[in-house]
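> after the sequence you'll find the predicted model.
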Amino acid sequence: MTEHIYKYPRLYLNAPCAKNAKIILHGDQAHYLKNVLRKDVGDILRIFNGAEGEWLACIDSLSKKNGELDLTDQIKPQAPPRKTLHLLFSPIKKQRMDVLIEKAVELGVTDLTPVLMHRTENRKINEDRLNAQIIEAAEQSERLDIPKLHPLIKLPHLLSKGIGGVEVFTALEREPSAKSLHEYDYKAGAAFLIGPEGGFDEQERVSILSSEDIRVIDLGNGILRAETAALACLSYVLLSK
């Protein structure tokens, strides 16, 4: 039974989910089912909305521009909220950022915040594209929730505003005062601030080191790419449960 269910395509839809509910499809949603997945009337899908578990749905009607799904049974209840795992990252080049977003979602990140720094490579953010990547990664990784994408923020504003709720950790290479990643407990959640390619500049390093709200961590003797450092931190938290 379980193995059979997992063969059905899995989609995120921003619509109420309940037994016998109907979901109306419009535009891109109908096009995706009909022309990309090659689905038709009577085919079965798995649907989730990020808040009400996962459901089986049958395609009742489908055309190029619209369609309708009938929800039948809930196959997974909504999981309890995850502990906060917030990634604050300097936007990097497109292909590398695609990997960063996808893998961060797979590793359980709950919040993503792009942070503008002096050496940030990619200074323009396409939020619609990032949100689409987040949703696609959640669909493929069997998550029942959708990570939240926060607006782009400048580093000085972030440092003055703070995160709130969880401790913030930053990896600074060649910093004598840094402690190893495993010296901290992340059971209550965590936020990781990751610098750009080339690292934080001297002014940013001084600001970070003078902040009482940031713990400086060491990720080893080597110098890691920005996306590698981010995924190393997230992976450690995932595996240290």
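Thanks, I have it. A quick note: this is a predicted structure, and the numbers were derived from the prediction, not measured.
> low-confidence stretches in this protein?
Scanning the chain for pLDDT under 70 picks out 1-3, 241.
> tell me where it has helices.
Secondary structure of the chain by DSSP state H: the helices cover 2-5, 27-31, 94-106, 127-140, 155-161, 202-210, 226-239.
> Gln133 - how many residues pack around it?
Burial measure for Gln133: 19 neighbouring residues, criterion other Cβ atoms under 10 Å. Every C-beta, even on glycine, is put in place using the N, C-alpha and C of the backbone.
> again with the one 5 residues further on
Summarising burial for Ala138: neighbours were counted as other Cβ under 10 Å, giving 20.
> tell me who's in contact with Asp145.
50-51, 79, 81-82, 110, 138 (Cβ atoms under 8 Å, 6 or more residues apart in numbering).
> re the thing from before, distance to Ile146 for the helices of the chain - can I get that in TSV?
Written out in TSV, the entries for those read as follows (distance: least, Cβ to Cβ, whole Å):
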stretch	distance to Ile146
helix 2-5	21
helix 27-31	16
helix 94-106	9
helix 127-140	5
helix 155-161	23
helix 202-210	30
helix 226-239	17
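> quick one: closest of these to Arg38.
Among the helices of the chain, the nearest to Arg38 by Cβ to Cβ is helix 27-31 (11.7 Å).
> alpha carbons of stretch 133-142, as CSV, please.
What follows is the C-alpha trace of stretch 133-142 in CSV, where atoms were taken according to Å, rounded to 0.1, in the frame of the first residue of the first chain:
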residue,chain,number,x,y,z
GLN,A,133,12.8,26.3,-6.4
ILE,A,134,11.8,26.0,-2.7
ILE,A,135,8.5,24.5,-3.5
GLU,A,136,10.0,22.1,-6.1
ALA,A,137,12.6,20.9,-3.6
ALA,A,138,9.9,20.4,-0.9
GLU,A,139,7.8,18.4,-3.4
GLN,A,140,10.7,16.1,-4.3
SER,A,141,12.0,15.7,-0.7
GLU,A,142,8.7,14.6,0.8
